[in-house]
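Peer 1: Next input, structure requested:
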Amino acid sequence: VFMDPFFPCGQIVAEHLSLPSVYLVRGLPCSLDFHATLCPNPPSYVPRFFTRYTDRMAFLQRTGNLIASLSSSLACSLLYSPYDDLIKEFLQQEATVLELFSHASVWLMKYDFVFEYPRPLMPNMVLIGGISCSREK
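Peer 2: Coordinates of the predicted model:
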């Protein structure tokens with residue numbers, strides 16, 4: 001099943017039908033894509049998306065980055081909590097959205113390390129960052 005995992009309904013259907021899933025994703029809120037694939041993503045070193053920090057952060061910037069990470073985790077728990085009941089009802093098992101995301105076969109990531117902070121990646125994460133860019137006139 002080829003899908004964008006922002007809304008996990010496709011992953012629920014793929015799990016129910018026992019089909020492999022391929023994600024085409026730019027990024028998920030609160031770095032769920034990196035948590036699901038078990039990539040190292042420490043907030044003290046990896047800048048969060050909306051902070052505009054670089055890899056050279058002072059102590060206060062690292063603290064702000066940690067606070068941004070914690071607040072986005074709270075927002076994600078509110079965003080994805082309704083799906084826990086749907087997973088329980090449809091799949092007849094206790095699972096979280098993060099557990100379902102971890103079952104993905106391949107992650108096609110629309111990242112490009114030329115424009116963003118380089119991060120560690122797992123073997124099932126493939127960078128396809130430059131394919132949707134056009135030459136500037």
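
Peer 1: I'd like the average pLDDT over the longest helix along the chain.
Peer 2: The longest helix of the chain (DSSP state H) is helix 59-91. Helix 59-91 shows a mean pLDDT of 88.

Peer 1: any idea which helix or strand comes after that helix?
Peer 2: Going down the chain from helix 59-91, the next helix or strand is helix 97-101, by DSSP states H and E.

Peer 1: Which secondary structure elements does that next one sit against?
Peer 2: Helices and strands touching helix 97-101, by 3 or more Cβ pairs under 8 Å, 6 or more residues apart in numbering; DSSP states H and E, are helix 9-17, helix 32-36, helix 59-91. No exception for glycine: its C-beta is placed from N, CA and C like everyone else's.

Peer 1: From the chain's centroid, how far away is the second one?
Peer 2: Taking the mean C-alpha point of helix 32-36 and that of its whole chain, the gap between them comes to 4 Å (Cα atoms, centre = their mean, to the nearest Å).

Peer 1: which other helices and strands contact it?
Peer 2: Helix 32-36 is packed against helix 97-101, with contacts defined by 3+ Cβ pairs under 8 Å, 6+ apart.
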